[in-house]
Structure formats: C-alpha cells, structure tokens
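Student: quick one: sequence and predicted model below, then my questions.
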Amino acid sequence: QVQLVESGGELVQAGGSLRLSCAASGLTVSYSMAWFRQAPGKEREIVAAISRDGGNTYYSDSVKGRFTISRDNAKNTVLLQMNSLKPEDTAVFYCAARLSGLFTSPSYYPYWGQGTQVTVSS
C-alpha cells in the first residue's frame, strides 16, 4: 500500500523560505512525483513534478524560478524548496505519485498525501 506523508508546512513571512518533504512508503519502484496545492475556494493546482529518475521536472509559471523540486530515491523522499514566498502561495500543499510520466492534472495521480499547510503572511 502506497503511503505519502508530507511535512514542513508552517507560517512564514513574505519573502521567506520553506522546505517541504514528502516521505513515500510501499513503493516497489520509483514513481513520478508531484506537488499540488489548494487554496481556500480554489481548485487543486500543480506546483511542480519530477520524473522517476529526477531527470525531468515541471514547474507551474507561478512558481518557476522560486521553487525547486528534487528527490532522493534511496530515501524515498521528495522535497520542495520554496524561496521568495508570497502571500498568494498560501495553501495546503499535497504530495502525489503515479507510476510514470509528468502530468499537470490531479486526476492522473492515484496516490496522495494528507497535505501540509503553508501560510505566508504579508
């Protein structure tokens, strides 16, 4: 059974940095991983995604240049380094996994974590 557990979300001031972590268990092979976020009243949206071997990444335009996704397959961990945070980054951030491929729609990801809250104050 695949389990994803996010951590690292907290309250931070605008301009600050946070690093989110997603620990995966129950995976027999490497999976494509992604971070999504959902703000109150808004749809869940892709933030970043990384391929099984880490060779390919995707970033939404809103975070490009500020966020970095990375993975450590030996530790079954995916990280999201978030710099220059803005109040509009406030959301619940979710880790998601699928067997392969990078997709931007949440409907393509069968496995999800419970989410971690990121709040950016102005």
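Tutor: Received, thanks. Residues are numbered from 1 along each chain as shown.
Student: closest to the centroid, which residue in the chain?
Tutor: Centroid-nearest residue in the chain: W35, 2.2 Å away (criterion: Cα atoms, centre = their mean).
Student: for that residue, give me its contacts.
Tutor: Contact analysis of W35 by Cβ atoms under 8 Å, 6 or more residues apart in numbering lists 20, 22, 46-49, 69, 78, 80, 93-96. For glycine as for every other residue, the C-beta is placed from the backbone atoms N, C-alpha and C.
Student: can you give me the strands for the protein?
Tutor: Listed from the start of the chain, the chain has strands (DSSP state E) covering 3-7, 11-13, 18-25, 32-38, 45-50, 57-59, 67-72, 77-82, 91-98, 111-112, 116-121.
Student: winner for burial among those?
Tutor: strand 32-38 (a mean of 24; mean count of other Cβ atoms under 10 Å).
Student: parallel or antiparallel, which strands does that strand pair with?
Tutor: Its sheet considered, strand 32-38 pairs with strand 45-50 (antiparallel), strand 91-98 (antiparallel) by DSSP bridges.
Student: G8: which of the ones you listed is closest?
Tutor: Checking the strands paired with strand 32-38 against G8 by Cβ to Cβ gives strand 91-98 as the closest, at 8.6 Å.
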